[in-house]
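J.: quick one: sequence plus predicted model below, questions after.
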Amino acid sequence: MKIFFLSCCLFIANLFPNSVKAQEFINYQVKVFSDSLPAVKGTLEKISPEGISINDGYGNYIMLRAKNIISIRLKKRGITTGKGFLIGTLAGAAIGSLAFTDNNSVSGDEQLVTFLAATTLGASVGTTYGLIAELKAKKMFLRVNKDEKLFAAEYKKLEIYSKAYYIDKP
């Protein structure tokens, strides 16, 4: 049982360092609504007064012209409610499993109640953390409505979230 607990601890500890990224643009997800395509999600590759380029993460490089863009949503990637629930449940189960390592004169029912209580508490704390993280994610919304002049005036706000901004920087 101690091996199970240690493996759960190592699994949870490895979840957090994987979210650290070297470049800031990877931490943001853009979602573009247009008249010609369904909603496109991905990372912002390049933005100019004429349009926007997006990498959808599946190897597709999508370019949209300003005259086709209806709106652009930008949010910071991070922990979601589902990830928080999963992490909290695993942590609660790992902590609750400690009840089974005690070989004192505690009945099996009390150990099971302790395990279920710790798992439930971990799931609720993890879900709450995920909800708060989603609400705190910095979001930007830019409504263009296929207006090329408006897009040309407002595209500078999104430029710092693009890959080209970090690569082309002197």
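T.: Cool, the structure landed. Residues are numbered from 1 along each chain as shown.

J.: drop to CA atoms for contacts and neighbour counts, all remaining ones
T.: Noted.

J.: would you map the strands across the protein?
T.: 28-34, 40-48, 51-55, 61-65, 69-76, 139-143 (DSSP state E).

J.: distance between the last one and the chain's centre?
T.: It stands for strand 139-143. Centre-to-centre, strand 139-143 and its host chain are 17 Å apart (CA atoms, centre = their mean, to the nearest Å).

J.: relative to it, what are the paired strands and their orientations?
T.: strand 69-76 (antiparallel) (DSSP bridges).

J.: what are the buried residues along the strand it pairs with?
T.: For strand 69-76, the buried set under the neighbour-count rule, 16 or more other CA atoms under 10 Å, comprises 69-76.

J.: thinking again about what came up before, worst mean pLDDT among the strands of the chain?
T.: Ranked by mean pLDDT, the strands of the chain bottom out at strand 139-143, with a mean of 83.

J.: and it with strand 28-34, angle?
T.: Orientation note: strand 139-143 sits at an angle of 20 degrees relative to strand 28-34 (axes from the mean of the first three to the mean of the last three CA atoms, to 10 degrees).

J.: could you check strand 139-143 and say which residues are buried?
T.: Residues of strand 139-143 classed as buried: residue 142 (neighbour count, 16+ other CA under 10 Å).

J.: hmm, back to that, among the strands of the chain, which is nearest residue 166?
T.: strand 40-48 (10.0 Å; CA to CA).

J.: list the buried ones in that closest one?
T.: So, applying 16+ other CA under 10 Å, buried residues of strand 40-48: 40-47.

J.: export stretch 108-128 as PDB, just CAs?
T.: Extracted in PDB, the C-alpha atoms of stretch 108-128 (Å, rounded to 0.1, in the frame of the first residue of the first chain):
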ATOM      1  CA  GLY A 108     -12.600  -1.700   8.000                       C
ATOM      2  CA  ASP A 109     -15.700   0.400   7.900                       C
ATOM      3  CA  GLU A 110     -13.900   3.300   9.600                       C
ATOM      4  CA  GLN A 111     -11.000   3.000   7.200                       C
ATOM      5  CA  LEU A 112     -13.400   3.000   4.200                       C
ATOM      6  CA  VAL A 113     -15.200   6.100   5.600                       C
ATOM      7  CA  THR A 114     -11.900   7.900   6.000                       C
ATOM      8  CA  PHE A 115     -10.900   7.000   2.400                       C
ATOM      9  CA  LEU A 116     -14.200   8.200   0.900                       C
ATOM     10  CA  ALA A 117     -14.200  11.400   3.000                       C
ATOM     11  CA  ALA A 118     -10.600  12.300   1.900                       C
ATOM     12  CA  THR A 119     -11.400  11.500  -1.700                       C
ATOM     13  CA  THR A 120     -14.600  13.600  -1.700                       C
ATOM     14  CA  LEU A 121     -12.800  16.500   0.000                       C
ATOM     15  CA  GLY A 122     -10.000  16.300  -2.500                       C
ATOM     16  CA  ALA A 123     -12.400  16.300  -5.400                       C
ATOM     17  CA  SER A 124     -14.300  19.300  -4.100                       C
ATOM     18  CA  VAL A 125     -11.200  21.300  -3.400                       C
ATOM     19  CA  GLY A 126      -9.700  20.400  -6.800                       C
ATOM     20  CA  THR A 127     -12.900  21.400  -8.600                       C
ATOM     21  CA  THR A 128     -13.100  24.700  -6.700                       C
END
